[in-house]
Structures are given as structure tokens and as C-alpha cells.
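Chemist: structure of the sequence below:
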Amino acid sequence: MKPKIRYSYYELFLEFFIIGLTAFGGLAMTAHIRKHIVDKKEWLDGHTFDTGLALCQIIPGAIVMQLAAYIGLKLKGIRGAIVCFIGFGLPAFLIMLALSILYKHAKNISFVDAILESLRVVIVPIVANAAYIFGSKNFRNVNDVLIAVIAAGLFLTKLHPVAVLTIGAILGLFLSQHKDRPPQSTGRTRTFRVFLIGLGVVAVSSGILFLINKDYFTLATIMLRIDLFSFGGGLAAVPIMFHELVDIYAWFDHKTFLDGIILGQITPGSIIIAATFVGYMHFGLVGSIIATVCVFTPSFLILMGIVPFFDKLRRYKQFNKIINGILCSFVGFLSVIAYHFGRDIQWNPLNIFVAIAAFVLLVRNINIIWIILGGVGLAVIKMLVI
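Modeler: Sure, this is the predicted structure:
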């Protein structure tokens, strides 16, 4: 029998903080996290990781952030969930805050644009490698491949991600040959209690903000709504955020808002971290903290509330087939994201070489940090040459 691995809260925080520093590529980072937690550290079994990933796809909010919380919950309970959640998100917050300060006071982000251009080249193979990893893990027969192809086609039609995942779940129920495996359960009472307590804290905190500063209250409620309705991951939050901040409240013009989204793209983690930019630009440091906390809180509480029921359902073979359909659809989703990222790049011989080299290195298990640093180095070389 394999000895039980022991890990401290500090180890969990440090591991996810380091992962958070290199969390470029959005959903592609799920494969990077899987390598660290399942393959390298062996803290979690692959089946528990994959079913957690499926769960994080069907609830609102940033998928990768929720996955970090789910892993922490399985490893060290509720405190572990909070530690991993904060550890993973903190680097993105600090980097986005620094970029927001620079943007607001310098109004010159040409060097950021140069880095963004190079990082876009390496992000394509990062996402493509993620699709390859999850395909190799979840494809068991031609039916699984068929589900992924159908999902990719539906994503290309710009059908809402929730609708596509629902179709993938239905296809999985009828086409998958997924074998049932025993779940690693979490105590129902404790997690659901956190959900209820969290709702109370949000209500009380909102009331306090309303009394102290109505503008802070407005910012908080906007971010809570954005997270609550962003089904399909961070990208789904962008049009909601645009509608609220540009069309309804007119806090930003189109250009400033899009600049914030660009900064969100080059910042590790979910693009929802653009909320930090929104809060800082309009309300300073306090606003950046309020916006960041509120844009991640609802989905975290939903995860805490739904996990125990999700664990119970995993005992049924039919439910595991549904989960397999969602995971296969996820491969299709990653493939489409790689396509969209690649479509916006000028594919000259140098960029093609860099992308192919990056993909080969990733397949050979080279740490993603070297790929990211290579992209930054490429930007510096281009700036020196030009």
C-alpha cells in the first residue's frame, strides 16, 4: 500500500503560488496543474482531478481558479481550498495591480504590447498541448473523439459554452464507455456550512459597503453579478463586464476597457483578473481589492455548496458517463481556443518555428516557465533588433 503523502498549508500555498506565476494560456493551465498535482507530486489521483475539472466547467466563474480550490478541498479540506485559491490567484492580482498602476500613471504600454505579441505565439502551442494531454487522458474510443469533434464544431458556431457542455454531457451518456470508479468524498455538512456562512458574510459585507460608500457598493455588486453569470469560464465574463462597465455605467470608454482586457490576457491566471484593473482605475487600491475579491467570491461559494452532492452522484455509472462527455467536450473547447488564438497571429517563418519548437518542448515535459520566458526573450530580441 502506498504511504499517505503529507503536506502542510505552506507547501500548498507555495506550490499554487508558483503555478499561478506561470498560469498563462487560460484553460490550458489545467493541463499544467494536472502535471504538477497528479503526475509530479502525486497528491491527487487522475480520476478525482478530472471529475473536479468537469465540475468546475459547469459552474460559473473562472474554471482554473475553481480547480485550484477544488484540489485544496480534496487535499486539506476547507482551509486547503482557501489556501490554494488565494495562492493561485495572488500572483495574478499583484501583477495586474502593478500593470494598472503603470498604465494609469505612465500611459505608455508599448513594451507590454511587444511582450503580448510574442506571448501570443507561445500561448498557441501551450493551449494545443493542453488539448493533446486531455485528449490522451480521456479518449478511450472513437466515440470520445466524435464527442470532441462535435463540441469543437458547436463552439465554432459561437453557441454558449454551457449549451455545448450540456450537449457533450448528453452525448457522453449515450456514447461513452466510461467505467465507474470510487470517489474521494468530502464531508457534506462542513462544505455546505461554508456555503451558507459565505452567503451571510457577503450579505453583511455588502450592507456595510452600502453604508460606508455607495460607489464601493455598486462596484461590489457589479463584480458579484459578473462572476455569478459567467458560465463557461473567464472569457464568458468579458461581454458581461463590457455591458455593465461601458454600456450601463459608462465608467470606461471602449479603448480603456479593451486595454484592461489586453492586460488581463498577458497576466497569468484567468482573464477575469481584469476586474483588478477596473477597480484600480476607478477607485484606486481599495477598489482593486474590492473588485478582485467580489469577482471570485460567488463561484467559490457555489463550488463549496455543490461538491458534496457532486461526490454522491459520482457513485453512479451514468453520471460518470456524463462527466466523460463533458471532459471530451473540453478537449474540443481547447482546440477551438488554440484556433482563435492562432488566427490573430502573423505567421512569419520565425513565429512558426517558435510555435513548433514550443509545442515539441512541452510534449517532452519541459517546464512551461521556460516557454513563457522564451516568449518574453523573443520580445526583447525583436525590440533590440528593430
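Chemist: got the CA coordinates for stretch 70-78 in PDB?
Modeler: C-alpha atoms of stretch 70-78 as PDB (Å, rounded to 0.1, in the frame of the first residue of the first chain):
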ATOM      1  CA  TYR A  70     -11.300  22.000  -5.600                       C
ATOM      2  CA  ILE A  71      -7.800  20.500  -5.300                       C
ATOM      3  CA  GLY A  72      -7.200  22.200  -2.000                       C
ATOM      4  CA  LEU A  73     -10.500  21.000  -0.700                       C
ATOM      5  CA  LYS A  74      -9.700  17.400  -1.600                       C
ATOM      6  CA  LEU A  75      -6.200  17.600   0.000                       C
ATOM      7  CA  LYS A  76      -6.700  19.600   3.200                       C
ATOM      8  CA  GLY A  77     -10.400  20.400   3.500                       C
ATOM      9  CA  ILE A  78     -11.900  23.800   3.500                       C
END
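Chemist: may I see the buried residues of the helix or strand harbouring Val286?
Modeler: Remark: Val286 resides in helix 274-313, with elements defined by DSSP states H and E. If you call a residue buried by 16 or more other Cβ atoms under 10 Å, then helix 274-313 has these buried ones: 274-283, 287-308, 310-311. (Glycine included, C-beta is placed from N, CA and C.)
Chemist: same deal with stretch 94-104?
Modeler: So stretch 94-104, judged by 16+ other Cβ under 10 Å, has buried residues Ile95, Met96, Leu97, Leu99, Ser100, Tyr103.
Chemist: how about the first one, what does it touch?
Modeler: So the one you mean is Ile95. By Cβ atoms under 8 Å, 6 or more residues apart in numbering, Ile95 lies in contact with Thr267, Pro268.
Chemist: so it is in which element?
Modeler: Going by DSSP H and E, Ile95 is part of helix 63-106.
Chemist: what angle separates that helix from helix 274-313?
Modeler: Counting by axes from the mean of the first three to the mean of the last three Cα atoms, to 10 degrees, helix 63-106 lies at 170 degrees to helix 274-313.
Chemist: show me where pLDDT drops low in the stretch 151-300 of the chain?
Modeler: 160, 162, 178-190, 192, 231-236, 238-239, 258, 262 (pLDDT under 70).
Chemist: switch the cut-off to 80
Modeler: Across the stretch 151-300 of the chain, the ranges flagged by pLDDT under 80 are 158-162, 165, 176-198, 229-243, 246-247, 252-269, 271.
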